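Undergrad: Based on what follows, work out the 3D shape:
(one chain, ligands or ions: 1)
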Amino acid sequence: MFIEQRKKNNIPQKKFIADISHELRTPITVIKNYVEILENFGAEDPKLFHESMTAIKIAAENMQNLVESLLFLARADENTHSLQKISVELNEILESVVKLSKNPRVKIIFGEKFHFMGDPEFLKKMFGEFLKNSLLYSKGKVTVEIHAEKNFATVKFIDMGIGISAEDIEKIFDRFYRADKSRTKLDDKKNSPGLGLTIAKWIADRHEIKINVESELGKGSTFELVIEN
Ligand code: ADP
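TA: Sure, this is the predicted structure:
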């Protein structure tokens, strides 16, 4: 799996397999430990039962996300994704992405109507990855700002969170790359394996969408997408 991409990116096979194994080991351990706790004490203690169930659910979701991301990238490498491009409206797509997040921290600033050719499902996935990160790496408000001109539009995902250092910015689109190696993520149970931006970039490239990143450690980040019609 990913052999071509691995060669292209020069990712050593050992590291590549180690990355995947590491990502799977943590949730498997969580599930195993909590099942043991439940077997021993859980049934009589409603609080412990609830805590165990929540942890098991999050661990299972993390594994599911990892597997889905790996499958997405495998199909990307094999060139078997089929994009169905139609005329889409930018504000509508972002409205549905923000709604889906169900997060009251998100504020959306709409722009003029902007139509362009794209696959709505892939685009929603791409925007969703940027929004997910803005929420995951910040605590305060996240702004999604749309600005449309005649021939191009921009979408900004603005957060005032932990930020990214200049040296990390170059690498965050790489597979399995995490700037927060020490797991300083604000919601560290929801473990994302460092594939979201790789997927988002792949989708952006298929739509000739340019991505600009501005960020400062401790201050926050802005991911700007530039879309031409
Ligand atoms: P992950 O699944 O770890 O979120 P991504 O590929 O989506 O992986 O992002 C790669 C890394 O880029 C993250 O681990 C994080 O360190 C950094 N990053 C991405 N978006 C942000 C953001 N809005 N603020 C701070 N760091 C970010």
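Undergrad: Contacts only, for the closest residue to A55 other than its chain neighbours.
TA: Distance criterion CB to CB, 6 or more residues apart in numbering; nearest residue to A55, sequence neighbours excluded, is Y34 at 5.1 Å. Yep, even glycine has a C-beta here, placed from its N, CA and C like the rest. Counting by CB atoms under 8 Å, 6 or more residues apart in numbering, Y34 touches 52, 55-56, 59.
Undergrad: What pLDDT does the model give Y34?
TA: You'll see Y34 listed with a pLDDT of 94.
Undergrad: quick one: secondary structure of it?
TA: What DSSP: H, G, I helix; E, B strand; the rest coil gives for Y34 is helix.
Undergrad: show me which of the contacts of Y34 neighbour the ligand.
TA: With CB under 6 Å from any ligand atom as the criterion, the subset of the contacts of Y34 in contact with the ligand is empty.
Undergrad: mind putting those residues in JSON lines, pLDDT, distance to S192 and secondary structure included?
TA: What follows is those, written out as JSON lines (pLDDT from 0 to 100; distance: CB to CB, whole Å; DSSP: H, G, I helix; E, B strand; the rest coil):
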{"residue": "S52", "pLDDT": "92", "distance to S192": "22", "secondary structure": "helix"}
{"residue": "A55", "pLDDT": "94", "distance to S192": "17", "secondary structure": "helix"}
{"residue": "I56", "pLDDT": "95", "distance to S192": "18", "secondary structure": "helix"}
{"residue": "A59", "pLDDT": "95", "distance to S192": "13", "secondary structure": "helix"}
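Undergrad: Pick out whichever of those residues sits closest to the ligand.
TA: Nearest to the ligand among these, counting by CB to the nearest ligand atom, is A59 at 15.6 Å.
Undergrad: For F127, which non-adjacent residue is closest in space?
TA: F127 sits nearest to V97 (CB to CB, 6+ apart), 4.6 Å away.
Undergrad: just checking, I56 touches I31?
TA: Yes: applying CB atoms under 8 Å as the test, I56 and I31 come out as touching, 5.3 Å apart.
Undergrad: Among the contacts of Y34, which pair sits farthest apart?
TA: Taking CB to CB as the measure, those span a maximum distance of 10.6 Å, between S52 and A59.
Undergrad: Please identify the helix or strand for the residue nearest to F127.
TA: helix 90-101 (DSSP states H and E).
Undergrad: what about that helix, near the ligand?
TA: No: counting by CB under 6 Å from any ligand atom, no contacts exist between helix 90-101 and the ligand, the nearest distance being 13.9 Å.
Undergrad: Return the list of helices and strands in contact with that helix.
TA: Under the contact definition 3 or more CB pairs under 8 Å, 6 or more residues apart in numbering; DSSP states H and E, helix 90-101 sits against strand 106-109, helix 120-136, strand 142-148, strand 152-159.
Undergrad: Which of the three states applies to the closest residue to I146 other than its chain neighbours?
TA: Using CB to CB, 6+ apart and skipping residues adjacent in sequence, the residue nearest I146 is G111, 3.8 Å away. At G111 the chain is in coil, as set by three-state DSSP.
Undergrad: All set, thanks.
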